[in-house]
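*Asks:* Here is my input, please return the structure:
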Amino acid sequence: MRFPLHITTDMIRHQVRNAWQGNKRYPFVLMLEPLYTCNLACVGCSTERHTGKLEDRLPLEKCFEAADLSRAPVVSICGGEPTIYPELEQLVTGIIERKRHIYLCTNALLLDKNVFDVVHPHRRLTINVHLDGMRDTHDMVCAREGVFDKACEMIRESKARGYHVMTNTTVFKETDVEEVEELCAHVKELGVDGMLLSPGYSYESVERDIFLTRDEIQNKFSRILEFQKRYRLASTPMFLEFAAGKRDYKCSPWSTVTYTPRGWKRPCYLIGEKFTQSWDEFWNGTDWSYWESRTDPKCQNCAMHSGFEASVVKDLGKRPWDMARLAAWNLFG
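*Replies:* As a prediction, the model looks like this:
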């Protein structure tokens, strides 16, 4: 299977439970940012993540409270760089005890020093390593030489130690699609369990114009569609077709909720118009219909998986062929 069986069944159970309860909207994923501190200053990342102070990190109880309030079956621990979070061992243990699935999103530079000896392999834990291209490109995006080689070394070591490992690649304006395929082939040789590809979106304060317009997204992802079957991509075929401009969806901004040192970020992971400490204010005070419509100027060039993969799932009931196709993609991928 493309995804472990227990993840698939838990996600289906979550959707069925919410359908029975009559919930039209509900979180699929909690993006948990326990800190803004990072050991890199990547060109595609917001400036607040270049300057975050460790003492401003979220306490453990706030992290657990966010997981309990959102009830999302998947918790993506990101940041900042989560391997810097001093309480990472307790955080991972506490989320697993809540029977949630964890994606530990990391640049991989500190896995050997801060993770391997304290956070052990578990079926509910996936290490998600960010790679934005081959050596020259990735090191340029990270603004530091040697990051690509270290990340690949840590992927090999993670697999040797028994971790479930994925890679996450952002496609930027300057990204060469041939290089994306080269990267897919490279990480396949490293033995990764899946690869996520997503178009870059200009959010918050980023100093460099490296992000894609809608036309550029569609052009690049049309070419990605040509080779996607050769690799174990975690992006669904329907999402890739959406990114390539071959189908359309409303956004599902409520499907990926984000909790940060500043509170709940709304309306979505990418657009921080307001932060609030109150879950009720965040969930019931956000005009979800407006943001679903994609009419806001900020939404015009967005095709991020965080907003549209859930739209694929929600739309399956209207498209039986897509449901069968998605099941086959997961079972035989």
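*Asks:* all contacts plus neighbour counts: C-alpha atoms, from now on.
*Replies:* Will do.
*Asks:* phi, psi of the residue nearest to H122 when sequence neighbours are not counted?
*Replies:* The shortest distance from H122 to any non-neighbouring residue, by CA to CA, 6 or more residues apart in numbering, is to Y163 (7.2 Å). Phi and psi for Y163, reported as degrees, to the nearest 10, are phi -80, psi 150.
*Asks:* and what of the one 4 residues further on?
*Replies:* When read as degrees, to the nearest 10, the backbone of T167 gives phi -120, psi 150.
*Asks:* ok, now which ones touch it?
*Replies:* N128, V129, H130, L131, V187, V192, G194, M195, L196 (CA atoms under 8 Å, 6 or more residues apart in numbering).
*Asks:* Regarding V75, what is its secondary structure?
*Replies:* Secondary structure for V75, judged by DSSP: H, G, I helix; E, B strand; the rest coil, is strand.
*Asks:* That one: neighbour count?
*Replies:* Neighbourhood size, V75 [other CA atoms under 10 Å]: 27.
*Asks:* Quick check: beta-bridge partners of it?
*Replies:* L30, I102 (DSSP bridges).
*Asks:* could I get the helix or strand hosting E65 in PDB with only the CA atoms?
*Replies:* In the assignment (DSSP states H and E), E65 maps to helix 60-70. Presented in PDB, the C-alpha positions along helix 60-70 are these (Å, rounded to 0.1, in the frame of the first residue of the first chain):
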ATOM      1  CA  LEU A  60       4.000  20.900  26.000                       C
ATOM      2  CA  GLU A  61       0.600  21.400  27.600                       C
ATOM      3  CA  LYS A  62      -0.400  23.900  24.900                       C
ATOM      4  CA  CYS A  63       0.700  21.500  22.100                       C
ATOM      5  CA  PHE A  64      -1.400  18.700  23.600                       C
ATOM      6  CA  GLU A  65      -4.300  21.000  24.100                       C
ATOM      7  CA  ALA A  66      -4.200  21.900  20.400                       C
ATOM      8  CA  ALA A  67      -4.100  18.200  19.400                       C
ATOM      9  CA  ASP A  68      -7.100  17.500  21.700                       C
ATOM     10  CA  LEU A  69      -9.100  20.500  20.500                       C
ATOM     11  CA  SER A  70      -8.600  19.900  16.800                       C
END
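*Asks:* how about low-confidence regions in the protein?
*Replies:* In the predicted model, the chain carries pLDDT under 70 at residues 44, 46-51, 202-210.
*Asks:* now the helices: where do they sit in the protein?
*Replies:* 5-20, 48-51, 60-70, 88-97, 111-114, 135-142, 147-161, 177-190, 214-227, 237-243, 279-285, 288-292, 305-314, 320-332 (DSSP state H).
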